[in-house]
Structure formats: C-alpha cells, structure tokens
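> here's my sequence, what's the structure:
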Amino acid sequence: MLRFLTAGESHGPALTAILEGMVAGLTLSESDINSELKKRQGGAGRGGRMQIEEDKVEILSGIRQGKTIGSPIALLIKNKSTELFDTPFTLPRPGHADLAGALKYDQKDLRNILERSSARETAARVAAGAVCKKFLSEFNIKISSSIVHIGGKAKKAEWEKAIEEVKAAGDSLGGVFEVKVENCPPGLGSFMEWDRRLDGRLALALMSIPAVKGVEIGLGFEQTKLPGSKVHDEIFYVGGKFSHKTNNAGGLEGGMTNGEPIILKAAMKPISTLVKPLKSVDLATKKPTEAHVERADTCAVEAAGIVGEAMAAFEVAAALLDKFGGDTLPETQANFSLYLKRLSVI
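Residues are numbered from 1 along each chain as shown. Predicted coordinates for the structure are as follows:
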C-alpha cells in the first residue's frame, strides 16, 4: 500500500515527507523533485514568501546509488523564513483554520494553529507527488495542470491584470484549475467498496488542498442541466480496442478508469489573509477587532494546480500499485504489460 505523511510548520526549521510503499528500482534524483517544487513557487499573485524561499529537497532515505530500494523515502525541505515562528497572535482570520482550530485544540495562541494549517505544507506534498509522477512516467502516464479561470477571467493577460487590481486594493482572488491524467489503462480503482472508488479518492485528494472548496470530474455539475443522451459517452470498437468519442465522464466510470484521460477540476476560494483585514474578535479579550495580517499571496491558483498534480499522481500511483502489485519496478511493469496484452485480445 502506498501512503505518505508530512510534518513540519510553516515557519519552523523544515518540512518533511515520508513516502512508504514505493517499489525498488525506480531511478530518482533530487533534481526530479526540485523541478516540481520550483513550479509550485511560481504563478501570478504569489507573495513575498516565495521571494525568500528557494525550495530544494534533501533525500534522507530510501534511495541508494540513484535508485529506490523499497524502504520508506524521507524527504526534507528546509525553511529559510523562520522569523515568525515565535510571534504569537490572537486575532483569528475569517476563512482560515484559526478560530475552529483554537477551539478544537484549546489554544490561546493562534500561531499554534497557523503554523500547521498553512498552505506551506503543500511543498512537502509536491515533493512526495514528484516521486509518484516519476514512477507513473515509467508507464507512460502523464499528469499536467492548467487554469480554467482566475477571478472569472479565462485569459492569462486578463487574470494577471485582475490580480494586480485586487492586490492594489488589499484583496485576493481565487479560481479554478484543471488536472489531466493521460494514458491510464482502464480498470484502475474499483466499484466493489465505497472507499476503493478512484473518483472518490481523487476528489478527497484535491479537496484536501488548502482553500479548495469544490471538485468536478469531467463535465461535472454541467451534467445536471442536460439529458442523459447528451451526457453519457457512447462506446465504439475501433482498431482493436474500445473507445469513446467524447469524455464527459472525465475518464472515470463506476469508480474506475475507462481508458480516457482523467479530467479533474478544483475550485479554489480567494486567499483568506487580506492586507485590508475583515472584522474579527480577539480570542483573548473577546472584543471586536480586525483580523490578523500576515505575509500572504494575492492569488495562488496556478500553484494550487501543481499541488493538484502531486495529489492526483499519488492517488493514481496508489491505484496502479493496488492493481498490479510488485516490490520492484520491473515486476510491476511485467504485470502491467501482461494486463495490457490481455486487454488487446478481448
């Protein structure tokens, strides 16, 4: 079973990720991971933190002589910005985990909530996801992301202008990003039990990204406006294989991949920390106040797309290993090839 955990605080010494269950024999270097970390730091609307950090990973275990050895892979990303770690605050920010987290964990200093709930944690996810992307590339499975819109603007020049405008006003913007997974074979996931449905696992993975408030697969909510005859993808048999001319299902039917590209969309709300803060209540005095202001992005939709790629990569890699097994890359590849051969003669 493939799984990963992350640890670390936003302004603590470092972030860490441990990925367990990756096969032995996968060629992997720090540069494979650093290229993904660099992409996460980019995009329109990123704030001052990204001017400070230069995220680079250190592989602590699980790799020897450039290849995975089957043991847990430990990844370390050091933080440069640590100066706020000992700075307390008691003014909860609307839209953040501050208030609910303080009530749940009985904390008087909201720094204890912010440090772990911060989206900075997603750097560790991207590091773990980069390993999964490298693994999937061995099966010609490719993952990418793109922007559907930011603040309602679908063209890059328009959303960049909108971001600058809200930045000047001390506000923030959200949007929608799309993740595409190409070349998955049919049959990853299962309908046998609710928690084995790959669509549900992918939806959970994307919904777990900070600030994501909605997930669609394929045509998504638009399907509710149309009759079934305009929604369901007709089936054809051409060139010795089954296929569809449309992909409204987004590559997933009955909780399983159907051979078409997996298409996922995620809606990200505007960043919660505002330069011109909203009304709040001081946790200590219970008196009305303005929310705490901390260094933050104006918009991070493009960066969230990179995190979405990482989370999708993890779930697809996990589903692939669930189906084909194997303790080594060659063993998994052999099982994968045998399955494709069987499909070709059905």
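> buried residues in the helix or strand bottoming out on mean pLDDT in the chain?
Among the helices and strands of the chain, helix 49-52 carries the lowest confidence by mean pLDDT, DSSP states H and E, at a mean of 74. By neighbour count with 16 or more other Cβ atoms under 10 Å, helix 49-52 contains the buried residues 49, 50. Bear in mind the C-beta positions are built from the backbone N, C-alpha and C, glycine included.
> now the element after it, going C-ward?
strand 57-61 (DSSP states H and E).
> show residues contacting that next one.
Contacts to strand 57-61, defined as Cβ atoms under 8 Å, 6 or more residues apart in numbering, come from residues 28, 30, 33-34, 37, 71-78, 127.
> who wins on neighbours among these?
Sorting those by how many neighbours each has (other Cβ atoms under 10 Å) puts residue 127 first, at 31 neighbours.
> for that one, which non-adjacent residue is spatially closest?
residue 75 (4.6 Å; Cβ to Cβ, 6 or more residues apart in numbering).
> doesn't that neighbour belong to a helix?
No. The assignment for residue 75, made by DSSP: H, G, I helix; E, B strand; the rest coil, is strand rather than a helix.
> for it, name its beta-bridge partners.
Under DSSP bridges, the beta-bridge partners of residue 75 are residue 17, residue 59.
> ok, now residue 217?
Under the criterion used (DSSP bridges), residue 217 bridges to residue 264.
> neighbours of it, how many?
Residue 217, neighbours per other Cβ under 10 Å, totals 21.
> does residue 283 sit in a helix, a strand or a coil?
Assigned with three-state DSSP, residue 283 falls in the coil class.
> what sits up against stretch 22-31?
Here stretch 22-31 has contacts from 2, 56-59, 62-63, 66-70, 73, 131-132, 134-135, 138, 321, 326-332, using Cβ under 8 Å, 6+ apart.
> show me those residues that map onto helices.
Among the contacts of stretch 22-31, DSSP state H puts 131, 132, 134, 135, 321, 329, 330, 331, 332 in helices.
> quick one: buried ones out of those?
For the ones in helices among the contacts of stretch 22-31, buried by 16+ other Cβ under 10 Å: 131, 132, 134, 135, 321, 329, 332.
> residue 271: which of those is nearest?
Of all those, residue 271 sits closest to residue 132, with 27.0 Å by Cβ to Cβ.
> test my guess that that closest one contacts residue 313.
Yes. Residue 132 lies in contact with residue 313 (Cβ atoms under 8 Å); the separation is 4.0 Å.
> now residue 133: closest residue in space, sequence neighbours ignored.
Residue 133's closest residue in space is residue 313 (Cβ to Cβ, 6+ apart), at 4.5 Å.
> am I right that residue 104 is in a helix?
Yes. Under three-state DSSP, residue 104 falls within a helix.
> and it, how many neighbours?
Count around residue 104 with other Cβ under 10 Å applied: 10.
> distance of it relative to residue 38?
35 Å (Cβ to Cβ, to the nearest Å).
> identify the residues contacting residue 74.
16, 17, 18, 59, 60, 61, 62.
> which strand residues bridge residue 189?
residue 256.
> er, residue 24 actually
Applying DSSP bridges, one finds that residue 24 bridges with residue 328.
> how close does it sit to residue 14?
26 Å.
> and those two? which has more neighbours close in?
Using other Cβ under 10 Å as the criterion, residue 24 and residue 14 rank with residue 24 on top: 17 against 14.
> quick one: the helices in the stretch 201-346 of the chain?
Ranges of helices within the stretch 201-346 of the chain are 301-324, 329-344, based on DSSP state H, counting those that start in this stretch.
> by how many degrees do the longest one and helix 329-344 diverge?
Between the direction of helix 301-324 and that of helix 329-344, the angle (axes from the mean of the first three to the mean of the last three Cα atoms, to 10 degrees) works out to 80 degrees.
> helices or strands next to helix 301-324 in the packing?
On a contact count with 3 or more Cβ pairs under 8 Å, 6 or more residues apart in numbering; DSSP states H and E, helix 301-324 meets helix 30-40, helix 122-137, strand 142-150, strand 175-182, helix 198-207, strand 262-268, helix 329-344.
> just checking, what packs against the shortest one?
Counting contacts by 3+ Cβ pairs under 8 Å, 6+ apart, strand 262-268 packs against strand 175-182, helix 198-207, strand 212-217, helix 301-324.
> so for that strand, what's the average pLDDT?
Mean per-residue pLDDT for strand 262-268: 98.
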